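**Student:** need a structure here:
(one chain, ligands or ions: 1)
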Amino acid sequence: MIKLENVSKKFRYNEILDHVNCEFDDGSIYLIRGKNGTGKTVLLKLLCGLSKPTEGKVTFYDQDHKAYKPYIGTIIETPIFWKDMTGMECLSFLASIRKIIDKETILDSLKRVGLYDAKDMSTRKYSLGMRQRLAIAQAVMENPDVLLFDEPTNSLDDDGVDIFRKIVLEEKEKGKTIVIVSHNIEDLQDLADYTLLLKNRNLVEA
Ligand SMILES: Nc1ncnc2c1ncn2[C@@H]1O[C@H](COP(=O)(O)OP(=O)(O)OP(=O)(O)O)[C@@H](O)[C@H]1O
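**Tutor:** This next block holds a predicted model:
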(Lines give C-alpha, C1' and ligand atoms only; values in the text may rest on other atoms or scores of the structure.)
Protein backbone atom coordinates (compact mmCIF):
# COMPACT_ATOMS: atom_id res chain seq x y z
CA MET A 1 0.00 0.00 0.00
CA ILE A 2 2.76 2.48 0.91
CA LYS A 3 5.64 2.47 -1.51
CA LEU A 4 9.03 4.15 -1.23
CA GLU A 5 10.74 4.50 -4.59
CA ASN A 6 14.37 5.58 -4.65
CA VAL A 7 13.80 7.70 -1.58
CA SER A 8 16.77 9.73 -0.41
CA LYS A 9 16.89 12.26 2.40
CA LYS A 10 19.68 14.72 2.99
CA PHE A 11 20.11 17.49 5.56
CA ARG A 12 22.60 19.82 3.83
CA TYR A 13 25.50 17.45 3.10
CA ASN A 14 24.41 14.83 5.63
CA GLU A 15 22.79 12.00 3.70
CA ILE A 16 20.54 9.95 5.99
CA LEU A 17 18.70 7.77 3.46
CA ASP A 18 20.15 6.76 0.11
CA HIS A 19 17.76 5.50 -2.58
CA VAL A 20 15.54 3.40 -0.34
CA ASN A 21 13.04 1.11 -2.08
CA CYS A 22 10.43 -0.59 0.07
CA GLU A 23 6.74 -1.50 0.16
CA PHE A 24 4.51 -1.65 3.22
CA ASP A 25 1.39 -3.78 2.68
CA ASP A 26 -2.04 -3.54 4.30
CA GLY A 27 -2.71 -5.92 7.17
CA SER A 28 0.96 -6.34 8.01
CA ILE A 29 3.20 -5.35 10.87
CA TYR A 30 6.68 -4.04 10.06
CA LEU A 31 9.30 -3.73 12.77
CA ILE A 32 12.17 -1.40 11.96
CA ARG A 33 15.39 -1.64 13.90
CA GLY A 34 18.65 0.22 13.64
CA LYS A 35 21.32 1.89 15.71
CA ASN A 36 20.79 5.36 17.19
CA GLY A 37 20.90 8.11 14.62
CA THR A 38 20.55 5.87 11.56
CA GLY A 39 17.39 7.62 10.34
CA LYS A 40 14.42 5.63 11.66
CA THR A 41 12.50 8.72 12.80
CA VAL A 42 13.42 10.49 9.57
CA LEU A 43 11.90 7.54 7.70
CA LEU A 44 8.67 7.66 9.74
CA LYS A 45 8.36 11.40 9.08
CA LEU A 46 8.67 10.73 5.34
CA LEU A 47 6.00 8.03 5.57
CA CYS A 48 3.51 10.34 7.25
CA GLY A 49 4.26 13.37 5.09
CA LEU A 50 5.78 15.49 7.88
CA SER A 51 8.91 15.65 5.76
CA LYS A 52 9.59 15.39 2.02
CA PRO A 53 12.23 13.24 0.34
CA THR A 54 15.19 15.04 -1.22
CA GLU A 55 14.87 12.56 -4.07
CA GLY A 56 12.40 9.80 -4.99
CA LYS A 57 8.78 9.45 -3.95
CA VAL A 58 6.48 8.07 -1.28
CA THR A 59 3.13 6.87 -2.63
CA PHE A 60 -0.12 5.44 -1.30
CA TYR A 61 -1.78 3.14 -3.84
CA ASP A 62 0.35 4.90 -6.49
CA GLN A 63 -0.77 8.37 -5.45
CA ASP A 64 1.12 10.96 -3.44
CA HIS A 65 0.04 12.32 -0.03
CA LYS A 66 -1.83 15.22 -1.59
CA ALA A 67 -3.87 13.10 -3.99
CA TYR A 68 -4.57 10.11 -1.74
CA LYS A 69 -4.72 11.90 1.65
CA PRO A 70 -3.96 8.78 3.68
CA TYR A 71 -5.24 8.83 7.21
CA ILE A 72 -2.33 8.06 9.48
CA GLY A 73 -2.16 7.67 13.27
CA THR A 74 1.25 8.29 14.77
CA ILE A 75 3.44 8.43 17.79
CA ILE A 76 6.61 10.14 16.64
CA GLU A 77 9.21 11.26 19.15
CA THR A 78 8.13 12.15 22.70
CA PRO A 79 4.36 12.58 23.04
CA ILE A 80 3.45 15.96 24.49
CA PHE A 81 0.00 16.80 25.84
CA TRP A 82 -1.50 19.92 27.33
CA LYS A 83 -0.69 19.76 31.04
CA ASP A 84 -3.69 21.82 32.15
CA MET A 85 -6.11 19.43 30.49
CA THR A 86 -7.32 16.02 31.58
CA GLY A 87 -6.65 12.96 29.42
CA MET A 88 -10.23 13.10 28.16
CA GLU A 89 -9.95 16.82 27.35
CA CYS A 90 -6.72 16.29 25.42
CA LEU A 91 -8.25 13.58 23.24
CA SER A 92 -11.49 15.55 22.83
CA PHE A 93 -9.52 18.58 21.69
CA LEU A 94 -7.60 16.51 19.13
CA ALA A 95 -10.84 14.86 17.99
CA SER A 96 -12.43 18.30 17.48
CA ILE A 97 -10.07 18.90 14.53
CA ARG A 98 -11.57 16.21 12.29
CA LYS A 99 -14.90 15.77 14.03
CA ILE A 100 -15.24 12.17 12.87
CA ILE A 101 -15.57 10.48 16.26
CA ASP A 102 -17.93 10.96 19.20
CA LYS A 103 -17.38 11.01 22.96
CA GLU A 104 -18.12 7.27 23.28
CA THR A 105 -15.37 6.43 20.81
CA ILE A 106 -12.88 8.57 22.73
CA LEU A 107 -13.89 6.84 25.97
CA ASP A 108 -13.47 3.46 24.27
CA SER A 109 -9.95 4.34 23.23
CA LEU A 110 -9.15 5.39 26.82
CA LYS A 111 -10.54 2.05 28.01
CA ARG A 112 -8.42 0.19 25.46
CA VAL A 113 -5.23 1.62 26.97
CA GLY A 114 -6.35 1.23 30.59
CA LEU A 115 -6.76 4.97 31.26
CA TYR A 116 -10.52 5.09 31.76
CA ASP A 117 -10.21 5.64 35.52
CA ALA A 118 -7.65 8.41 34.95
CA LYS A 119 -9.61 10.14 32.21
CA ASP A 120 -10.55 13.12 34.41
CA MET A 121 -7.09 13.57 35.89
CA SER A 122 -4.89 16.43 34.66
CA THR A 123 -2.13 15.06 32.41
CA ARG A 124 0.29 17.05 34.60
CA LYS A 125 -0.26 14.24 37.11
CA TYR A 126 0.18 11.46 34.55
CA SER A 127 3.27 9.30 34.83
CA LEU A 128 5.47 8.82 31.75
CA GLY A 129 3.84 5.46 31.09
CA MET A 130 0.36 6.99 31.39
CA ARG A 131 1.35 9.67 28.84
CA GLN A 132 2.58 6.97 26.52
CA ARG A 133 -0.74 5.13 26.89
CA LEU A 134 -2.57 8.38 26.10
CA ALA A 135 -0.41 8.74 22.99
CA ILE A 136 -1.37 5.22 21.89
CA ALA A 137 -5.05 6.06 22.47
CA GLN A 138 -4.79 9.22 20.32
CA ALA A 139 -3.00 7.31 17.55
CA VAL A 140 -5.75 4.71 17.19
CA MET A 141 -8.91 6.55 18.27
CA GLU A 142 -9.96 7.75 14.80
CA ASN A 143 -9.42 4.37 13.17
CA PRO A 144 -6.65 5.45 10.77
CA ASP A 145 -5.55 3.28 7.81
CA VAL A 146 -1.88 3.47 8.71
CA LEU A 147 -0.25 3.41 12.14
CA LEU A 148 3.31 4.61 12.67
CA PHE A 149 4.83 4.08 16.08
CA ASP A 150 8.24 5.40 17.14
CA GLU A 151 9.44 3.53 20.26
CA PRO A 152 5.86 2.86 21.46
CA THR A 153 6.81 0.71 24.44
CA ASN A 154 9.07 3.37 25.97
CA SER A 155 8.07 3.91 29.61
CA LEU A 156 5.38 1.20 29.49
CA ASP A 157 5.19 -1.37 32.27
CA ASP A 158 4.51 -5.03 31.49
CA ASP A 159 0.74 -4.47 31.45
CA GLY A 160 1.22 -1.50 29.13
CA VAL A 161 3.33 -3.58 26.75
CA ASP A 162 0.64 -6.31 26.75
CA ILE A 163 -2.03 -3.70 26.04
CA PHE A 164 0.00 -2.26 23.17
CA ARG A 165 0.60 -5.74 21.71
CA LYS A 166 -3.14 -6.51 21.87
CA ILE A 167 -4.02 -3.22 20.18
CA VAL A 168 -1.48 -3.79 17.40
CA LEU A 169 -2.88 -7.26 16.68
CA GLU A 170 -6.46 -5.95 16.69
CA GLU A 171 -5.49 -3.19 14.25
CA LYS A 172 -3.70 -5.68 12.02
CA GLU A 173 -6.89 -7.79 11.92
CA LYS A 174 -8.71 -4.69 10.65
CA GLY A 175 -6.25 -4.53 7.74
CA LYS A 176 -4.14 -1.62 8.93
CA THR A 177 -0.59 -1.02 7.77
CA ILE A 178 1.52 -0.86 10.92
CA VAL A 179 5.12 0.30 11.11
CA ILE A 180 6.89 0.15 14.46
CA VAL A 181 10.34 1.51 15.17
CA SER A 182 11.73 -0.08 18.31
CA HIS A 183 14.86 -1.03 20.18
CA ASN A 184 12.77 -3.23 22.49
CA ILE A 185 12.98 -6.29 20.30
CA GLU A 186 11.96 -8.74 23.02
CA ASP A 187 8.63 -6.89 23.52
CA LEU A 188 7.60 -6.83 19.89
CA GLN A 189 9.68 -9.10 17.65
CA ASP A 190 7.17 -11.96 17.56
CA LEU A 191 4.39 -9.64 16.33
CA ALA A 192 6.29 -8.59 13.24
CA ASP A 193 5.45 -9.99 9.83
CA TYR A 194 8.60 -8.33 8.54
CA THR A 195 11.65 -7.06 10.36
CA LEU A 196 13.73 -4.45 8.60
CA LEU A 197 17.09 -3.05 9.56
CA LEU A 198 18.12 0.51 8.76
CA LYS A 199 21.81 0.31 8.07
CA ASN A 200 24.24 2.15 5.81
CA ARG A 201 21.46 4.58 4.81
CA ASN A 202 19.26 1.79 3.49
CA LEU A 203 16.53 -0.62 4.64
CA VAL A 204 17.40 -4.28 4.49
CA GLU A 205 15.56 -7.39 5.66
CA ALA A 206 16.84 -8.41 9.08
N1 LIG B 1 15.65 18.30 10.94
C2 LIG B 1 16.89 17.81 10.89
N3 LIG B 1 17.92 18.56 10.50
C4 LIG B 1 19.17 18.06 10.44
N5 LIG B 1 19.50 16.80 10.75
C6 LIG B 1 18.50 16.00 11.16
C7 LIG B 1 17.15 16.45 11.26
N8 LIG B 1 16.36 15.42 11.67
C9 LIG B 1 17.21 14.38 11.85
N10 LIG B 1 18.47 14.72 11.53
C11 LIG B 1 19.64 13.84 11.57
O12 LIG B 1 19.28 12.62 10.95
C13 LIG B 1 19.95 11.53 11.60
C14 LIG B 1 18.94 10.45 11.92
O15 LIG B 1 18.06 10.94 12.95
P16 LIG B 1 16.84 10.05 13.46
O17 LIG B 1 16.18 10.83 14.54
O18 LIG B 1 16.01 9.62 12.33
O19 LIG B 1 17.60 8.79 14.07
P20 LIG B 1 16.97 7.48 14.71
O21 LIG B 1 17.41 6.31 13.91
O22 LIG B 1 15.50 7.66 14.91
O23 LIG B 1 17.75 7.48 16.11
P24 LIG B 1 17.33 6.95 17.58
O25 LIG B 1 17.43 5.45 17.56
O26 LIG B 1 18.37 7.58 18.44
O27 LIG B 1 15.95 7.47 17.89
C28 LIG B 1 20.67 12.12 12.81
O29 LIG B 1 22.02 12.27 12.46
C30 LIG B 1 20.00 13.46 13.00
O31 LIG B 1 20.90 14.39 13.53
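**Student:** Asn14: how many residues sit nearby?
**Tutor:** For Asn14, the count of nearby residues is 7 (other C-beta atoms under 10 Å). Backbone N, C-alpha and C define where each C-beta goes, glycine included.
**Student:** mind checking how far it is from the ligand?
**Tutor:** Per C-beta to the nearest ligand atom, to the nearest Å, Asn14 is found 6 Å from the ligand.
**Student:** any idea how far that residue lies from Arg201?
**Tutor:** 10 Å (C-beta to C-beta, to the nearest Å).
**Student:** what's the answer for Tyr61, then?
**Tutor:** Where Arg201 is concerned, Tyr61 sits at a distance of 27 Å (C-beta to C-beta).
**Student:** Settle it for me: which of those two has more neighbours?
**Tutor:** Remark: of Tyr61 and Arg201, Arg201 carries more neighbours, 16 against 11, as counted by other C-beta under 10 Å.
**Student:** show me what contacts that one?
**Tutor:** Glu15, Ile16, Leu17, Asp18, Val20, Thr38, Gly39 (C-beta atoms under 8 Å, 6 or more residues apart in numbering).
**Student:** change it to 7 Å
**Tutor:** By C-beta atoms under 7 Å, 6 or more residues apart in numbering, Arg201 lies in contact with Glu15, Ile16, Leu17, Asp18, Gly39.
**Student:** Mark which of the residues you listed are buried, thanks.
**Tutor:** Neighbour-count burial (16 or more other C-beta atoms under 10 Å) is assigned, among those, to Ile16, Leu17, Asp18, Gly39.
**Student:** Thanks a lot, catch you later.
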